[in-house]
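*Asks:* Following is a predicted model, sequence given first.
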Amino acid sequence: MSKAKLTPVIELRGLTKQYGVGDAQHNALNGIDLTIEKGEFITIMGPSGCGKTTLLNILGLLDHSNDGEYFLDGTSVERFSGARHARIRSQQIGIVFQHFNLINRLNVIENVALPLTYNGMFRTRRLKQASAVLKNFHLSEREYYMPWQLSGGQMQRVAIARALVNNPSIILADEPTGNLDSKSSHVIMEELSDIHKRGNTIIMVTHNPDLTTYASRVIHMLDGEIASDTKTPIELEKSNKKIPLGMHHKETKAAKKPTKKRKTTKAKKK
């Protein structure tokens, strides 16, 4: 017996998004067809203005298309009410925004725990769950800091922790390491990689080609269209060991120099 075909977690058919009217009309997305299976790790690359963030916002139900269809777990999102969209975002989709979007009047742990309030969870349990996520990002000592007391990199890590606190099945990330140094970026990407290994679907927009080493699939966009869609090898290295960001180019440049063999002198016979 043949196995039943699984329903894609996301399917787009002829998706179009327009901005402006008349002569000023611009197609941010121009008839996108895309199928994403459960458990994929996808990176979306392309020049600024090619439609990457617009596509991510539509996938996250933060924006809507002008034409085409968007199926989430086999159901058209057009059938969902605004309240249903909000519920899906709070339970199924975790979104990492490019500009953090932290609430300045809340401290770090309260910002991370915020999505849990929509699930009716008690405050003590919310803070405990938020604290556990912050520990994974090495931010335990910053739990009661205010956002304005953090560096840009720390704010980005808090934003990512907030997106993950609900254990969403789909994670959308818009330049998640854009404001981080190589060490912090490595921590973030290893965490996302671990989440992907547990079966989550990750869709990440990035300009950094190094991040594609974590992906199972790389999509390049150009002028609102998909220019290429490539699956990456399951094992990128024989050891399957991730290299810290920023080290890839250094290692390729530092080629091993051939070692000179020392000449050994034979002992003189007595």
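*Replies:* Perfect, I can see it now.
*Asks:* Surely residue 195 is in contact with residue 170?
*Replies:* No - between residue 195 and residue 170 there is no contact under C-beta atoms under 8 Å: 10.9 Å. Just so you know, the C-beta spots here come from the backbone N, C-alpha and C atoms, and that holds for glycine as well.
*Asks:* Give the residues shared as contacts by these two.
*Replies:* Common contact partners of residue 195 and residue 170 (C-beta atoms under 8 Å, 6 or more residues apart in numbering): residue 202.
*Asks:* So for these two, which residue has more residues nearby?
*Replies:* residue 170 (22 against 19; other C-beta atoms under 10 Å).
*Asks:* any idea how far that one lies from residue 200?
*Replies:* 7 Å (C-beta to C-beta, to the nearest Å).
*Asks:* outside of whatever helix or strand residue 135 lives in, which residues touch it?
*Replies:* Element membership of residue 135, judged by DSSP states H and E, is helix 123-136. With contact meaning C-beta under 8 Å, 6+ apart, helix 123-136 is reached by 108-110, 112-113, 116-117, 121, 140, 142-143, 158, 161, 164-165, 191.
*Asks:* hmm, who's touching the host helix or strand of residue 84?
*Replies:* Assigned by DSSP H and E, residue 84 falls within helix 82-91. Applying C-beta under 8 Å, 6+ apart, the external contacts of helix 82-91 come out as 60, 61, 62, 72, 77, 80, 95, 115, 118, 119, 166, 168.
*Asks:* mind redoing it with 6 Å?
*Replies:* 61, 115, 118 (C-beta atoms under 6 Å, 6 or more residues apart in numbering).
*Asks:* Model confidence for the first one, exactly?
*Replies:* On pLDDT, residue 61 comes in at 93.
*Asks:* now the second one
*Replies:* For residue 115, the pLDDT comes out at 88.
*Asks:* What is the burial count for the closest residue to it other than its chain neighbours?
*Replies:* Excluding the flanking residues, the one nearest residue 115 by C-beta to C-beta, 6 or more residues apart in numbering is residue 166, at 5.1 Å. Applying other C-beta under 10 Å, we find 20 residues neighbouring residue 166.
*Asks:* Wasn't residue 166 part of a helix?
*Replies:* No - Residue 166 is assigned coil when assessed by DSSP: H, G, I helix; E, B strand; the rest coil, not a helix.
*Asks:* That one contacts residue 113, doesn't it?
*Replies:* No - contact criterion C-beta atoms under 6 Å: residue 166 and residue 113 do not qualify, at 10.3 Å.
*Asks:* Identify the spatial nearest neighbour of residue 37, chain neighbours not counted.
*Replies:* residue 8 (5.5 Å).
*Asks:* that older thread, PyMOL command for the buried members of the contacts of helix 123-136?
*Replies:* Buried residues among these (16 or more other C-beta atoms under 10 Å), as a PyMOL selection:
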select buried, resi 108+109+110+112+113+116+121+142+143+158+161+164+165+191
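*Asks:* In helices, which of the contacts of helix 123-136 appear?
*Replies:* Among the contacts of helix 123-136, the ones falling in helices (DSSP state H) are 108, 109, 110, 112, 113, 116, 117, 158, 161, 164, 191.
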